[in-house]
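[1] quick one, structure for this:
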Amino acid sequence: MGREHWKKIWVGSAGNMVEWFDWFVYASFATYFAGAFFPEGDDTAKLMNTAGIFAVGFFMRPVGGWLLGRVGDRKGRKAALTLTVSLMSASAVLIAIAPTYGVAGYGGAAVLLVARLLQGLSVGGEYAASATYLTEASAPERRGFASSFQYVSMTAGQIVGLGLQIILQRTMSADALHSWGWRIPFIIGAFGAAVVFYLRRNMLETEVYEESGDDTPAGEKGTIKALWAHKREAFLVIALTMGGTVAYYTYTTYLTKYLSNSAGLPKQTATLVSFCALIVFACLQPLAGKLSDRIGRRPLLITFAVGSTFLTVPIMTMLKHAGSFWPALGLSLLALVVITGYTSINACVKAELFPTGVRALGVALPYAIANALFGGTAEYVALWFKNAGVESGFYWYVAGCAAVSLVVYLSMRETRDIDLNRVAETAPGVTPSPAASRVP
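    Numbers count the residues shown, from 1 in each chain. As a prediction, this is how the structure comes out:
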């Protein structure tokens, strides 16, 4: 992989890290600011309110996927990536200055809601733009390895957020954190987004996009009409995302609250468990991505789905009774190792399904729909089961979603050897012939 390829991956990943830092600090700091925007009441009810607003952000992701996917296919990946980080910066500023319930009543919650809607728009386009960019910017035989940096950067954003949380927990009193300290990460996120905006304005466009040879008419690039011609692939993205996104958000954004609110671990211990587990998780992504370049994408996806289907219930049950740092860390690592089969390669798998003229939209819209329905609601569903007194029902829900995706992985075609400039030559659902799909 040449220097220019590495430069493209670095800039794309750095921006993705800041985007997901801003996205995830909302979840990781929710236990501190939940009481700031809502009246006094049950702690679980407050978390459900903030989780509900968190989920609303996901429902804006299909809109962001459509708008920014269209920009990515028509104006280029660079234009879409620059726009997404601008929206994220604005949303971080809004959360940082949002008034509390004591100052403005539910007005503060309204500002929080608007900020989450902007974040939903931004992340809805960011995933597809970065997935497409990282996949197209890499050497054909190393797409799995290169695209794995999407989840490296996503996880790095969360690690930085959790690391900041640990620092604040150890240097500030609990009262100060609940009062105003939770605003600090959003201020940092806004500054980081401004830096990435500058980097992305000077980034290079991918050669695949600039030299696109697919037959999508110029006027139809990035349109729903063009996407509908690949509707089977679009529905395939939704189905293959379902199990992975529920599992991912369960063991990342929800894990800290689960360990604290259900397992009874101190907040500091729960945060440290997530922090350490995510560092290992991030290091696993390139290794699994490189493995997929050798053996294919489907074996990793199938391994994830089988593991998640049969191990979720026992892992979550044992986590609830972990009791201390080391058992909780071991179980969390086991879950994240299983999920790596999905996270490390899902970006390139989706990008490999669509021709260049509709690739950004083809990844963005169906993926955002799946996340709105399953990923964004995972935390809220978990808290709903807990509030209803049947928390174990959530474990079965996660396992069931993975089982659905397993059926899809078993029936889908292998995408490793597809030529990104000749995807359209292969009919949907048909295994491509060597002449049509092999990389020269």
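[2] OK, contacts around Gly108?
    By Cβ atoms under 8 Å, 6 or more residues apart in numbering, Gly108 lies in contact with Ala36, Phe37, Ala98, Pro99, Thr100, Tyr101. All C-beta atoms are positioned from the backbone trio N, CA, C, and that covers glycine.
[3] would you map the helices across the stretch 201-350 of the chain?
    Per DSSP state H, counting those that start in this stretch, the stretch 201-350 of the chain carries helices over the ranges 207-210, 224-228, 231-251, 255-261, 267-295, 298-320, 325-343, 346-351.
[4] and the least confident of the contacts of Gly108?
    Lowest pLDDT within the contacts of Gly108 is found at Tyr101 (73).
[5] list the contacts for it?
    Tyr101 makes contact with Ala36, Phe37, Phe38, Pro39, Gly108, Ala109 under the criterion Cβ under 8 Å, 6+ apart.
[6] before we move on, what about Val246?
    Applying Cβ under 8 Å, 6+ apart to Val246 gives the contacts Phe374, Gly375, Ala378, Tyr397, Val398, Cys401, Ala402.
[7] export the residues you listed to a markdown table and tack on pLDDT and neighbour count?
    Listed next are the contacts of Val246 as a markdown table, based on pLDDT from 0 to 100; neighbours: other Cβ atoms under 10 Å:
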| residue | pLDDT | neighbour count |
| --- | --- | --- |
| Phe374 | 91 | 25 |
| Gly375 | 85 | 25 |
| Ala378 | 91 | 28 |
| Tyr397 | 98 | 18 |
| Val398 | 98 | 26 |
| Cys401 | 97 | 25 |
| Ala402 | 97 | 27 |
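[8] in helices, which of those residues appear?
    If you go by DSSP state H, the contacts of Val246 have Ala378, Tyr397, Val398, Cys401, Ala402 in helices.
[9] got these as a markdown table, with distance to Leu278 columns?
    As requested, the ones in helices among the contacts of Val246 are arranged in a markdown table below (distance: Cβ to Cβ, whole Å):
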| residue | distance to Leu278 |
| --- | --- |
| Ala378 | 17 |
| Tyr397 | 23 |
| Val398 | 18 |
| Cys401 | 21 |
| Ala402 | 20 |
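[10] nearest to Leu284, of the residues you listed?
    Distance to Leu284, by Cβ to Cβ, is smallest for Ala402 among the ones in helices among the contacts of Val246, at 18.4 Å.
[11] re the thing from before, can you say which of the helices of the stretch 201-350 of the chain is nearest to Leu420?
    helix 207-210 (5.2 Å).
[12] tell me which residues of the closest one come out buried.
    By neighbour count on 16 or more other Cβ atoms under 10 Å, the buried set for helix 207-210 is Val208, Tyr209.
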